[in-house]
Structure formats: structure tokens, C-alpha cells
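K.L.:
Just a sequence and a predicted model for now, questions to come.
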Amino acid sequence: MFLVLKKRILIIAIVALFLCALSVGTTIWVAVAIPKPDYTVILDAGHGGADAGVIGVNSKIKESTMNLIITENVKKYLVDFGVRVVLTRSDENGLYGSEITNQKKLDMRRRKEKILSTVPDLVVSIHCNKFPDKERRGAQVFFDNSKASGMLLASMLQMNLNALNLTHIGHALKALSGDYYMLKCSNFPSALVECGFLSNVDDDALLNDSTYRDKLSYAIATAIFSFLTNEQIK
């Protein structure tokens, strides 16, 4: 009610100013500051705790650690853009507490609970990849093909990431449909980013380079912001 009243007062003031200007033959430009809408994004750093995920072929870094590093970088950029960011995990631990059985199931359930209780505008889960063919490399995005909004989010993420793929692997990759829990556990627009193949020597080296990670994180963050606002950031 208060917000509606404030808007009415603002409109009346602008109209009065305009009419006053007409009466004295003066041109007045009125600039009205419109507040940005509030956006909330869930960033999910994959794995954690006992579930280390992939191990870097040369670096031996745990995927869970790399996921968290990249997630924190993406968060930094989004916060700079004015976006509220909620993390499913903010340290090296899994989300199962002191439980020693059913850890993975409990971890996934608590990530879902965090998403549902937050009611975000979108969800992005951040991972690193592995493949038996160690020549496979590049950043690739996955979506649930039953959600048009998730497909759009994934395509925007992939477009940004392909700028890096073209530079470092010589070709672009396509966003693909994936059967992942984090894509299916809620109805919010969701995408899963595989930031590179830790099983590939070159990708492993790139992901462990802070300059490259910064570019990767910026590409993810700007795609997210563009999806939220329909604006492009260069």
C-alpha cells in the first residue's frame, strides 16, 4: 500500500511539473530513477566432503575444491552486478553433517531443500568433467529438456563459454540435455556447467590458472545476468 501511494505521489508530482513547464513555455527533462528489480541466484558447487568428484590428472586437485573456487568467483561478479547470491555450500564439507550412511542422498536432498526455501530466479550448478578419452576437453553446459527456461539459460551460458572454447580448443561446443538431479529437483530455470575436463592435461592446467578461471567465471556470471535482465554485458 505504501509503495503504491509513493508511486501515485511521484506520478502526480511529475504531471504537475510538466503542466507548470507548459504554462511558462519552458522545456523540462525529467529523469526518474527506477530501482532495479531484486534477483536471487542459487550457485551450487558440486560435490564436497567425502565426495571429492574428479581428480586433476596432473594437478591432483579435487573437483570439489575447484568447483568451490569457481563458484566463489562467479558469486563475486554477480554481487558486483547487484544480484543476491545463495550458495548451496560455502566450504569443503558435504551437506550431510555427521551422518556416516546415505551421505550422497542426504547431500542432494539438502541442496534441493536450500533451493526450494530460497525461491531463486535461477539455479546454476558448477562442476568439472572427466572422460576416458583424455583428449576430450572444453567447457560445456547441460539442461533438462523438459524446461524451456533451462534450455535458454544453458544456451546463453554455452554461448559465452564458447568464446573461451574457440580460443583454447579451436571449436565451439553445444549445450546438451542431461539427466542430472540438480536440473530436475525444482521447477526453477536450471543449468549445469562442466567447466572443463580435469582428465585432460590442458584443461587441468587452464583450470588451475587464476587468469583463465577469472575469464571463465566472468563468462558464467555475465550469461546469468543477461538471462535475468535481457541485457548484454561486454
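P.N.:
Great, that's in hand.
K.L.:
What segments of this protein are strands?
P.N.:
40-45, 84-87, 122-129, 140-143, 176-177, 190-197 (DSSP state E).
K.L.:
Ok, which of those comes nearest Gln103?
P.N.:
With CB to CB as the criterion, Gln103 lies closest to strand 40-45 of the strands of the chain, at 16.3 Å. All C-beta spots, glycine's among them, are computed from the backbone N, C-alpha and C.
K.L.:
and the closest one, what other elements does it pack with?
P.N.:
Here strand 40-45 touches helix 63-80, strand 84-87, helix 103-118, strand 122-129, going by 3 or more CB pairs under 8 Å, 6 or more residues apart in numbering; DSSP states H and E.
K.L.:
among the ones you listed, which is nearest His171?
P.N.:
When these are compared by CB to CB, strand 122-129 sits nearest His171, at 16.2 Å.
K.L.:
With distance to Val41, mean neighbour count and mean pLDDT as extra columns, can I get the helices and strands packed on strand 40-45 in TSV?
P.N.:
Formatted as TSV, the helices and strands packed on strand 40-45 follow (distance: least, CB to CB, whole Å; neighbours: other CB atoms under 10 Å; pLDDT from 0 to 100):
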stretch	distance to Val41	mean neighbour count	mean pLDDT
helix 63-80	6	21	98
strand 84-87	5	17	98
helix 103-118	9	16	95
strand 122-129	6	24	98
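K.L.:
residues of stretch 158-178 that come out buried?
P.N.:
For stretch 158-178, the neighbour count (16 or more other CB atoms under 10 Å) marks Gln158, Asn160, Leu161, Asn162, Leu164, Asn165, His168, Ile169, Leu173, Ala175, Gly178 as buried.
K.L.:
out of those residues, who's nearest Phe225?
P.N.:
Distance to Phe225 across these (CB to CB) is lowest for Asn160, with 10.5 Å.
K.L.:
Spit out the contact partners of the residue nearest to the spatial centre of the chain.
P.N.:
The centre of the chain sits closest to Val124, judged by CA atoms, centre = their mean, with a distance of 4.4 Å. Val124 makes contact with 41-44, 74, 153, 157, 190-193, 220, 224 under the criterion CB atoms under 8 Å, 6 or more residues apart in numbering.
K.L.:
If you rank the residues you listed by neighbours, which is first?
P.N.:
Neighbour counts for the contacts of Val124 (other CB atoms under 10 Å) peak at Ala191, which has 33 neighbours.
K.L.:
give the contact list for it.
P.N.:
Going by CB under 8 Å, 6+ apart, Ala191 touches 122-125, 141-143, 150, 153-154, 157, 175, 183.
K.L.:
residues near the closest residue in space to Leu116 that isn't next to it in sequence, how many?
P.N.:
Nearest non-adjacent residue to Leu116, counting by CB to CB, 6 or more residues apart in numbering: Ser186, 6.1 Å away. A count of neighbours around Ser186, defined by other CB under 10 Å, yields 18.
K.L.:
repeat for Ala148
P.N.:
Neighbour count for Ala148, taken as other CB under 10 Å: 10.
K.L.:
circling back: my guess is the residue nearest to Leu116 contacts Ser117. True?
P.N.:
No - counting by CB atoms under 8 Å, Ser117 is not a contact partner of Ser186; they are 10.7 Å apart.
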